[in-house]
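Engineer: need a 3D model of the sequence below.
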Amino acid sequence: MDKKMKLASLCLVLLTLVTVAVAATWIYSNTVVVTVSEYSLVLTVDNVNPTKNQNITLTATLKLGTVPQSGELIHFYYNDTYEVGSKTTNSSGIAVLQWNATVAGTYNFKAGYEAP
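Structural biologist: Next up is the predicted model:
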């Protein structure tokens with residue numbers, strides 16, 4: 001086989017491969033949406049101006065996305081340092097702590113949760 005014939009055969013093979021590649025049809029599945037949720041912890045208080053020796057109610061609500069998290073331990077703190085107690089969330093994701101204002105002053109409360 002001479003060089004021209006070999007070149008012609010090679011061209012024919014390449015043309016066949018290109019034709020097969022162009023003729024391939026891709027199909028795709030449906031698209032699925034994945035939403036990665038985060039934990040949220042919201043703290044509320046029933047009375048921001050209690051008198052000395054009056055109880056206040058701290059309510060913390062824990063959710064993963066929009067789903068309440070039950071059976072989780074919530075820690076309650078004042079002035080960023082002092083833990084005043086901890087409570088477990090109920091089926092609605094709520095933990096409630098009563099605190100008595102035995103000393104006059106201003107207190108900043110927060111709730112904490114150790115997320116997995």
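
Engineer: is it true that residue 99 touches residue 83?
Structural biologist: No. When contacts are counted by C-beta atoms under 8 Å, residue 99 is not listed as touching residue 83 (11.3 Å). Where C-beta positions appear, they are placed from N, C-alpha and C, glycine not excepted.

Engineer: is residue 109 bridged to anything, and to what?
Structural biologist: Following DSSP bridges, residue 109 is listed with bridge partners residue 78.

Engineer: quick one: contacts for it?
Structural biologist: Residue 109 makes contact with 43, 45, 58, 76-78, 84, 99, according to C-beta atoms under 8 Å, 6 or more residues apart in numbering.

Engineer: what's the closest of those to residue 37?
Structural biologist: Nearest to residue 37, judged by C-beta to C-beta, of those is residue 43 at 19.8 Å.

Engineer: hey, what's the closest one bridged with?
Structural biologist: Under DSSP bridges, the beta-bridge partners of residue 43 are residue 60.

Engineer: so among the contacts of residue 109, which ones count as buried?
Structural biologist: The neighbour-count test (16 or more other C-beta atoms under 10 Å) applied to these identifies 43, 58, 76-78, 84, 99 as buried.

Engineer: just give me the closest of those to residue 108.
Structural biologist: residue 78 (6.4 Å).

Engineer: contacts for stretch 93-108 next, please.
Structural biologist: With C-beta under 8 Å, 6+ apart as the test, stretch 93-108 has contacts from 50-63, 67-70, 72, 74, 76, 78-80, 84-89, 109, 111.

Engineer: can you flag the buried ones in those residues?
Structural biologist: If we count by 16+ other C-beta under 10 Å, the contacts of stretch 93-108 have these buried: 50, 56, 58-63, 69, 72, 74, 76, 78, 84, 87, 89, 109, 111.

Engineer: quick check: neighbours shared by residue 99 and residue 83?
Structural biologist: What both residue 99 and residue 83 touch, as defined by C-beta under 8 Å, 6+ apart, is the set residue 76.
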